[in-house]
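Q: Got a sequence here, can you model it:
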Amino acid sequence: MCSQFKYLIFAIAMTCTLADGQQPPQSPARTAPGLLQTRREPLTNGDVIKMVQSGKREGDILATIRSSGTNFDLSAQGCKLLVAGHVSRNILNAMGGPSGPPCASTSTSSKPQPSGAGTLLGNGNAPLLAGGGKQTQLTAAAPSSGADRIPPGNRGSSNANRSASQRNPGPGGASAKAARAPVTLSAPKQSRKLVNPKANLQDAAIIAVLRKQRNAADAEAAAMKLGIRAAGGQANLQPSQTMSAKVGGGATNTTAAVPVGARSLSTGSTAHAGTNVVLPPHFSNLAITCSQDPSMHVLTVSGGPTPAIFTPDPKYNFYTITGCSFGSPGTNSKAYIYLQGTFREDFQIQEWNDNWIKLSLDQNISGVDDQNNVTLVIQNNDGKQWARNGYRFYAARQTVLLSKIPQNDFSLNHFRPDNSLTQNWKATYTSGSSPSVVPNLPGLSAEVHWDLTSNSDNPVGGNDMYDFSHLHPTFALDSALLEWKDVSCTDPNYNQFAASKNNWSIDWYGASGVQVSWQGQICKNTWRSCGGAFQGDCFANVPESNYGINVWVVGPRCIDPWTGQKDQSCMTKVQKNFGS
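A: Residues are numbered from 1 along each chain as shown. Alright, predicted model coming up:
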């Protein structure tokens, strides 16, 4: 009996000993499924942020980093995103590896991004829509010079040259609508140059008057050259004298030869055999008129008794003046036009006679706007003057490319059935365009990047309006051209191009406007390229549009088209071109 009892006690002791010795070993730290499994892809910033935000212990994350291949982005931008994702200093140090602690200049006390908000890689000042459409924004960077936001917002992430941090698809775990895939832009494309059919209408009446004046002046100059005598042998017109500049100022006088064979105006005969001359009718009465009123006065300018229009435009810049008692030419003889306190231009005298003057303006005149109600002054060599106002000055014209279009003259056309869709669209407007601002179309009057927060599956386009009614009144639209860049879906993971149904176009709008029709475009995910086992996260683009325009205007030479002020650099070029 005792022996059996001993055996029972021994069996119980052995059982307890075995129970103590066979406790299962302590399980390794818990990890997310697959984190400690063999990875086909190296760890990225996104993987680390995903582990932190999923609540994994720091020790587990450190172990994963040390046992895996890595491809971390520890640039300033990458560090900013890691800190925003609550990555601790110990984890950051482990990510730095043997090279030392990374992100030393990045404060870990930075405010975290609100929950649910996406991050736009490579553009810290760009707001994104997340969490029911609420806008969130990182610390705004200083805008590039010349870039205006309408309304204040993001420039967009489209850029032909992406940085390494931008090519990184971003924090893992971000929703498909919370971050952008990389986007590049194609080479620029151009529309045909659009010419304004109404450009010449603004000054058509003035041009008609100038043409008529030039024809009359040419006819009168022919009569003056012939030295015609008055009808019926009445008072003879004095021989004409030309005035040429001489060194030291003043003028030299030369008597023009009177052609042999000049005959009476009443017969309509010729000065030379076989040459018919049609002479202005007032020439037949000039001597009679001056004998009745010998005081110094002007009868006609380029054939007309009414005040004329003067211009330095070479096509029309020749004038004849008839009248009485202009006297003989001398150093004190002159003719000029002026507007009190603002404008004066002297004529260049080609020929001076007691009854007529041939003259023209300096063709170099620049930086002078059109002038109304100017005064014509004729002064003889004795200093006696005749003056009359009511004349006009029409500046020489030139066609110029607008170097800028004010932001206030640019707007989206909101008159559309889906107007509510456009409320969150954001434009970056740059004028003149810049090589450093998306869409990077240098040398244009203006460029626009549209960021479209609309349904990415079906992008829509729009129409932008440019109002040129605020140009200086003497300027008119001449021509316009559209240039744009398509989004380039070259990434194999985002090669599905989609665009709105409307076409790129530019056209005139109303009396003084230009309308641009633009496409919304997007590169969508390639099917099964992301989101699966051992694949990267899926990111979605936001539809966008990128274009620029050139606009040419015609107006007075070397005058600013918006302010009407002189353009001194242009005036200098004109003087050089004419050799003055």
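Q: Is Y429 bridged to anything, and to what?
A: For Y429, the beta-bridge partners are D148, V448 (DSSP bridges).
Q: Wait, it touches V448, no?
A: Yes. At 5.5 Å, Y429 counts as touching V448 under the criterion of C-beta atoms under 8 Å. C-beta: built from backbone N, CA, C; applies to glycine.
Q: Neighbour count: these two, which is higher?
A: Comparing Y429 with V448 by other C-beta atoms under 10 Å, the one with more neighbours is V448, at 25 against 21.
Q: my read: that one touches A427, true?
A: Yes. Between V448 and A427 there is a contact at 5.8 Å, judged by C-beta under 8 Å.
Q: In a strand, S411, correct?
A: Yes. Under DSSP: H, G, I helix; E, B strand; the rest coil, S411 falls within a strand.
Q: bridging residues for it?
A: In this structure, S411 has the following beta-bridge partners (DSSP bridges): M465.
Q: Use 14 as the first number for this chain going forward.
A: Shifting the count to begin at 14 puts that one at S424.
Q: what about it, neighbour count?
A: 15.
Q: swap in P320?
A: The criterion is other C-beta under 10 Å. On that basis, P320 has 16 neighbouring residues.
Q: That one and K371, how far apart?
A: Noted for P320: a distance of 19 Å to K371, by C-beta to C-beta, to the nearest Å.
Q: Tell me the buried residues in the longest helix along the chain?
A: Selection of the longest helix in the chain by residue count, based on DSSP state H, yields helix 217-239. Of the residues in helix 217-239, those with enough neighbours to count as buried (16 or more other C-beta atoms under 10 Å) are 220, 222-223, 225-227, 229-230, 232-239.
Q: can you check stretch 103-112 too?
A: Residues 104-105, 107-108 are the ones in stretch 103-112 that count as buried (16+ other C-beta under 10 Å).
Q: circling back to that earlier point, tell me, what's touching Y442 and V461 both at once?
A: Here Y442 and V461 share the contacting residues F423, scored by C-beta atoms under 8 Å, 6 or more residues apart in numbering.
Q: in stretch 498-514, what's buried?
A: Buried residues in stretch 498-514, defined by neighbour count with 16+ other C-beta under 10 Å: 498-502, 504, 506-507, 511-513.
Q: An error on my part: the question was meant for stretch 58-68.
A: Within stretch 58-68, the residues scored as buried using 16+ other C-beta under 10 Å are 58-65.
Q: For this protein, which segments count as helices?
A: Counting by DSSP H, the chain has these helices, from start to end: 15-34, 58-66, 71-79, 89-97, 102-109, 177-180, 217-239, 299-305, 581-590.
Q: closest one to W521 among the ones you listed?
A: If you check each of the helices of the chain against W521 by C-beta to C-beta, helix 217-239 wins as the nearest, at 17.7 Å.
Q: tell me the mean pLDDT for that closest one?
A: Helix 217-239 shows an average pLDDT of 91 in the prediction.
Q: Ok, stretch 414-424 next?
A: Mean predicted confidence for stretch 414-424 is 96.
Q: What's the end-to-end length of it?
A: From its first residue to its last, stretch 414-424 covers 21 Å (C-alpha to C-alpha, to the nearest Å).
Q: The closest residue to N385 other than its chain neighbours pairs with what?
A: The shortest distance from N385 to any residue other than its chain neighbours is 5.6 Å, reached at R405 (C-beta to C-beta, 6 or more residues apart in numbering). For R405, the beta-bridge assignment (DSSP bridges) gives partners I322.
Q: show me what contacts R405?
A: Neighbour list for R405: 320-323, 383-387 [criterion: C-beta under 8 Å, 6+ apart].
Q: one step back: now do the longest helix of the chain: which elements does it pack against?
A: Judged by 3 or more C-beta pairs under 8 Å, 6 or more residues apart in numbering; DSSP states H and E, the packing partners of helix 217-239 are strand 322-323, strand 332-337, strand 369-374.
Q: what's the angle from it to strand 369-374?
A: Using axes from the mean of the first three to the mean of the last three C-alpha atoms, to 10 degrees, the direction of helix 217-239 lies 130 degrees away from that of strand 369-374.
Q: thinking again about what came up before, nearest to G396, out of the helices of the chain?
A: Each of the helices of the chain has some distance to G396 by C-beta to C-beta; the shortest is helix 299-305, at 20.5 Å.
Q: Mean confidence (pLDDT) on that closest one, please.
A: Averaging pLDDT along helix 299-305 yields 86.
Q: In it, which residues are buried?
A: For helix 299-305, a neighbour-count test (16+ other C-beta under 10 Å) marks 299-300, 302-303 as buried.
Q: Would you map the strands across the stretch 214-363 of the chain?
A: Using DSSP state E, counting those that start in this stretch, the strands found in the stretch 214-363 of the chain span residues 254-258, 264-268, 310-314, 322-323, 332-337, 347-352, 356-365.
Q: Would you give the sheet partners of the last one, along with the direction of each?
A: It refers to strand 356-365. Listed by DSSP bridges, the sheet partners of strand 356-365 and their directions read strand 254-258 (antiparallel), strand 347-352 (antiparallel), strand 369-374 (antiparallel).
Q: Quick one: mean pLDDT for that strand?
A: Rounded mean pLDDT across strand 356-365 is 95.
Q: next one: stretch 568-588
A: Per-residue scores along stretch 568-588 average to 94.
Q: Could you list the alpha-carbon positions for it in PDB?
A: Coordinates of each C-alpha in stretch 568-588 appear next as PDB, following Å, rounded to 0.1, in the frame of the first residue of the first chain:
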ATOM      1  CA  GLY A 568      -2.400 101.400 -82.200                       C
ATOM      2  CA  PRO A 569      -0.200 104.500 -82.000                       C
ATOM      3  CA  ARG A 570       3.500 103.700 -82.300                       C
ATOM      4  CA  CYS A 571       5.400 103.400 -79.000                       C
ATOM      5  CA  ILE A 572       2.400 104.000 -76.800                       C
ATOM      6  CA  ASP A 573       1.500 101.500 -74.000                       C
ATOM      7  CA  PRO A 574      -1.700  99.700 -75.100                       C
ATOM      8  CA  TRP A 575      -3.200  99.800 -71.500                       C
ATOM      9  CA  THR A 576      -2.000 103.100 -70.000                       C
ATOM     10  CA  GLY A 577      -1.500 105.300 -73.100                       C
ATOM     11  CA  GLN A 578       1.900 106.400 -71.800                       C
ATOM     12  CA  LYS A 579       5.100 106.700 -73.800                       C
ATOM     13  CA  ASP A 580       7.200 103.600 -74.300                       C
ATOM     14  CA  GLN A 581      10.700 105.000 -74.200                       C
ATOM     15  CA  SER A 582      12.500 101.800 -75.200                       C
ATOM     16  CA  CYS A 583      10.300 101.600 -78.300                       C
ATOM     17  CA  MET A 584      11.000 105.200 -79.200                       C
ATOM     18  CA  THR A 585      14.700 104.500 -79.100                       C
ATOM     19  CA  LYS A 586      14.400 101.600 -81.500                       C
ATOM     20  CA  VAL A 587      12.400 103.700 -83.900                       C
ATOM     21  CA  GLN A 588      15.100 106.400 -83.900                       C
END
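Q: pretty sure P505 contacts C536?
A: No. With the criterion set as C-beta under 8 Å, P505 and C536 do not qualify as a contacting pair; they are 10.9 Å apart.
Q: correct me, but A230 touches A321?
A: No. With the criterion set as C-beta under 8 Å, A230 and A321 do not qualify as a contacting pair; they are 9.4 Å apart.
Q: what residues are shared contacts of those two?
A: With contacts taken as C-beta under 8 Å, 6+ apart, the residues that reach both A230 and A321 are 315, 332.
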